[in-house]
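Trainee: Quick one, structure for this:
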Amino acid sequence: MSKVILISSIVQIASALQSFIDIPTYSEVNPGDEVVLLCQVRNKGGECRWEKDGNPVGIFKDKYEWAGDVASGNCSLRILDSSSEYDDGVWQCQVTASNFKKGDSLISEGGEVVVRAPPKEIHFVSGGKVISHSDIDVNGTTGNALDLQCISRGGNPIPQIRYTLDGTIMETESVQENKRLSDGGWESSLKFPILLLKKNHGSVVSCYVEHDALKTPLVSKVELNVAYAPTVTQISINQTNIDEGDSIGLFCDVETNPAAKISWKKANNPNIVLGTGELLVLTEVDDSTNGFYICEAENIAGKSERKSNEVRINYAPVITQIRPSQEIMVVAGKSLTITCSAEGSPQPNYRWLQQTLSGDIFVRGYAQELQIESVNYDHAGQFFCEASNVVGGKKKESLSEPINVEIRGAPVIDFLSHPKELVIAAGEDLEIRTRFCSNPKPIISWRSDENRPLVETDRRTFDMDTEYGTPCSISILSISNTQIGDSGEYVLQIENEHGISSHLINIIIVESGLSREILIAIIAGSILTLILFLFVLITTCKCKTKPKDVESCGTSTASDNTRNEKLDNSDEDLVFNESYEKLQPDLIPSSIRTPSPPVRPNQASYNELCFPKSANCGSMRVKKQQNMDDMLNVYNSNILDHINTMSYSNYVSQDNIYHWRKTVDNQLYN
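Mentor: Sure thing, here's the model as predicted:
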């Protein structure tokens, strides 16, 4: 019970303290009118008082009166017959403490009272000079700014100033400036800098001053009379395709007030006047006519001139710029863009040539900008921009300096040219040649199927055959006198700073002994081969004319390629231009062309011996007559070369006799 009584007492004490319900706020009043400043107090126990600008204000009949029941806490003040002299200022409501022990006296935030007063005058000022209604001429040259300012005096509160130009409201970046006057009013000004143009001649600038004490805004107007310098707006030429000996006319279009005197000069010799008037006629033009022409117009307000477009007689292209540079390095897989800029009349056409590192020359594009979305090592070499046009009915060409393009990237192995599995007889020598391309130079290692690095031994050696002038090489793994233990997976790993590439080859070494099945296969194959040989020989002798070979690699149809094109076996997404034309080397002058790498003699590799390529793209037709001894020697050697392959036919899932006979026949008749 005691806790409840204590809490109740605290609530009663707190509720007895005085506090404001309403306080005075900003108020505006017209002269002679009344205004009420609110002040309501909760639990009022003290006396209400008012202050203006920090000075106490008493209660006076017909001037300052209470607007409510003060005893109930309504201490609002009514101001009668308002005037700026006595009533403008900041008013505060105060309440003395209800008890000297409580200390709950109150003083409100200030509420400003503004007694409205309309502005008394308005005028324009330009350049520090007051512009009267009779002084409406403003002279200046085109492009000069007119410093125009509208000033209003006597308004309270601050009036709002705005501009119109020919009736259209104009915005200005200037901020209205306001200064308090000694009589309590305000002087307000707003700058309106206007740029003198021809269209401003005769325009009317109006200044409006708006105020709550005014029923309609105050207005002041000024008319602009602009004298402006001439403006040469355009120089036109009566023809664009100009050949030597033609006549041309240049016309100068001038906007001016008053009229201007027009004269013609050449930009590279401005001291000589070529003619006067709007039209300049040039006859029997030649190379000396090339250049820029100046039309100059002058009047009392100033002068203006303009340079024409370049007058050019038709001439051969001149390459002016190659972007980004003459030396370009690109990471494989990234995009490459080269831009060629050339001057010529008429506008030149473009063609891009590339000389590869191997010396071949190709057309790579027909636009000013050559774009390659994803580069590879085939894009390394020198690029040339060729610009051409027709002058006087003859084609004129210009060739850029070489643009050296270096491709850097992860190693790329030529997988298509290498088998994944080799089967040979024990005791034979093995050589694996793997072609790859890499820039920068890579680290090369051969590894076993257990990922252990292989080292050279007395039977196993490693070598490298570098292709001259290219980032490509051939890694050579040689194993002499192969043994059964040499069987397994061999991994070539090539690595540089851009990545790693690897190639796995499965080597199978089989015993070289002849089994019964092998002997049967040899006899059967020999008989079949002899029969086939006699059939071909008889057929060839009976043929009086040699028919056209319509067989092709991998197809049974003729493939006549009569176009002089560079054939590309790569995927279509590697093609980076619309043309595959292979061109003659003399398209690029020898002085700037990179010499082709020397031709190296072809060396038969082990793979070429074990997997022979058919002559005539697989045709069984004999190229030339061979004597019987040569054919029998080839026949006997092929039998021995392919015995082990046949013996391992279970592994490769091929018919023994068929596979052996097919391989021997290809060796014999090709």
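Trainee: all strands for the stretch 101-250 of the chain, in order.
Mentor: Taking DSSP state E, counting those that start in this stretch, the strands of the stretch 101-250 of the chain run over residues 106-107, 111-115, 121-126, 129-131, 145-155, 160-165, 168-170, 177-180, 186-195, 204-210, 218-223, 228-237, 248-257.
Trainee: Pull up the pairing partners for whatever helix or strand comes next after the last one, direction included.
Mentor: Beyond strand 248-257 in the direction of the C-terminus, DSSP states H and E gives the next helix or strand as strand 261-266. Partner strands for strand 261-266, per DSSP bridges, with pairing direction: strand 269-276 (antiparallel), strand 293-299 (antiparallel).
Trainee: most neighbours per residue, which of those strands?
Mentor: Mean neighbour count (mean count of other CB atoms under 10 Å) peaks for strand 293-299 among these, with a mean of 21. Placement of C-beta: from N, CA and C, glycine included.
Trainee: where exactly do the helices run in this structure?
Mentor: Under the criterion DSSP state H, the chain contains helices at 2-15, 84-87, 516-542, 606-610, 628-641, 643-647, 649-652, 656-668.
Trainee: want to throw the strands paired with strand 261-266 into JSON lines with mean pLDDT and distance to residue 31?
Mentor: JSON lines is the format used below for the strands paired with strand 261-266 (pLDDT from 0 to 100; distance: least, CB to CB, whole Å):
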{"stretch": "strand 269-276", "mean pLDDT": "92", "distance to residue 31": "70"}
{"stretch": "strand 293-299", "mean pLDDT": "94", "distance to residue 31": "56"}
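Trainee: looking at those strands, which is closest to residue 35?
Mentor: Taking CB to CB, strand 293-299 is the member of the strands paired with strand 261-266 nearest to residue 35, at 62.4 Å.
Trainee: roughly how far is the closest one from the heart of the chain?
Mentor: Taking CA atoms, centre = their mean, to the nearest Å, the mean C-alpha location of strand 293-299 is offset from the chain mean by 41 Å.
Trainee: neighbouring contacts of that strand?
Mentor: For strand 293-299, contacts defined as CB atoms under 8 Å, 6 or more residues apart in numbering pick out 229-232, 235, 250, 252, 254, 256-267, 270, 274, 280, 303-308, 311.
Trainee: picking that back up, would you turn the strands of the stretch 101-250 of the chain into TSV with mean pLDDT and mean neighbour count?
Mentor: Listed next are the strands of the stretch 101-250 of the chain as TSV, based on pLDDT from 0 to 100; neighbours: other CB atoms under 10 Å:
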stretch	mean pLDDT	mean neighbour count
strand 106-107	92	17
strand 111-115	89	20
strand 121-126	87	17
strand 129-131	81	13
strand 145-155	84	20
strand 160-165	91	18
strand 168-170	88	10
strand 177-180	90	12
strand 186-195	85	18
strand 204-210	90	20
strand 218-223	88	16
strand 228-237	90	18
strand 248-257	91	18
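Trainee: Compile the ones you listed into a markdown table and extend it with columns for distance to residue 286.
Mentor: Below are the strands of the stretch 101-250 of the chain laid out as a markdown table (distance: least, CB to CB, whole Å):
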| stretch | distance to residue 286 |
| --- | --- |
| strand 106-107 | 96 |
| strand 111-115 | 82 |
| strand 121-126 | 55 |
| strand 129-131 | 58 |
| strand 145-155 | 47 |
| strand 160-165 | 53 |
| strand 168-170 | 54 |
| strand 177-180 | 65 |
| strand 186-195 | 45 |
| strand 204-210 | 55 |
| strand 218-223 | 55 |
| strand 228-237 | 16 |
| strand 248-257 | 12 |
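Trainee: So which of these is nearest residue 489?
Mentor: It's strand 228-237; of the strands of the stretch 101-250 of the chain, that one is closest to residue 489 (CB to CB) at 76.7 Å.
Trainee: tell me what that closest one is packed against?
Mentor: For strand 228-237, the contact count by 3 or more CB pairs under 8 Å, 6 or more residues apart in numbering; DSSP states H and E identifies strand 248-257, strand 293-299, strand 302-307 as packing neighbours.
Trainee: what would those strands look like in JSON lines with distance to residue 59?
Mentor: Below are those laid out as JSON lines (distance: least, CB to CB, whole Å):
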{"stretch": "strand 248-257", "distance to residue 59": "71"}
{"stretch": "strand 293-299", "distance to residue 59": "76"}
{"stretch": "strand 302-307", "distance to residue 59": "72"}
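Trainee: Mind checking those for the one nearest to residue 538?
Mentor: strand 248-257 (83.3 Å).
Trainee: Keeping just the C-alphas, turn the closest one into PDB.
Mentor: Below are the C-alpha coordinates for strand 248-257, written out as PDB (Å, rounded to 0.1, in the frame of the first residue of the first chain):
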ATOM      1  CA  ILE A 248      34.400  25.500-108.800                       C
ATOM      2  CA  GLY A 249      32.400  28.200-106.900                       C
ATOM      3  CA  LEU A 250      32.400  28.900-103.100                       C
ATOM      4  CA  PHE A 251      29.500  30.800-101.600                       C
ATOM      5  CA  CYS A 252      29.600  32.600 -98.200                       C
ATOM      6  CA  ASP A 253      26.400  32.900 -96.100                       C
ATOM      7  CA  VAL A 254      26.600  35.800 -93.700                       C
ATOM      8  CA  GLU A 255      24.100  36.900 -90.900                       C
ATOM      9  CA  THR A 256      24.800  40.600 -90.300                       C
ATOM     10  CA  ASN A 257      23.300  44.000 -89.200                       C
END
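Trainee: between it and strand 293-299, how many degrees?
Mentor: 30 degrees (axes from the mean of the first three to the mean of the last three CA atoms, to 10 degrees).
Trainee: tell me the angle strand 248-257 makes with strand 302-307.
Mentor: 150 degrees.
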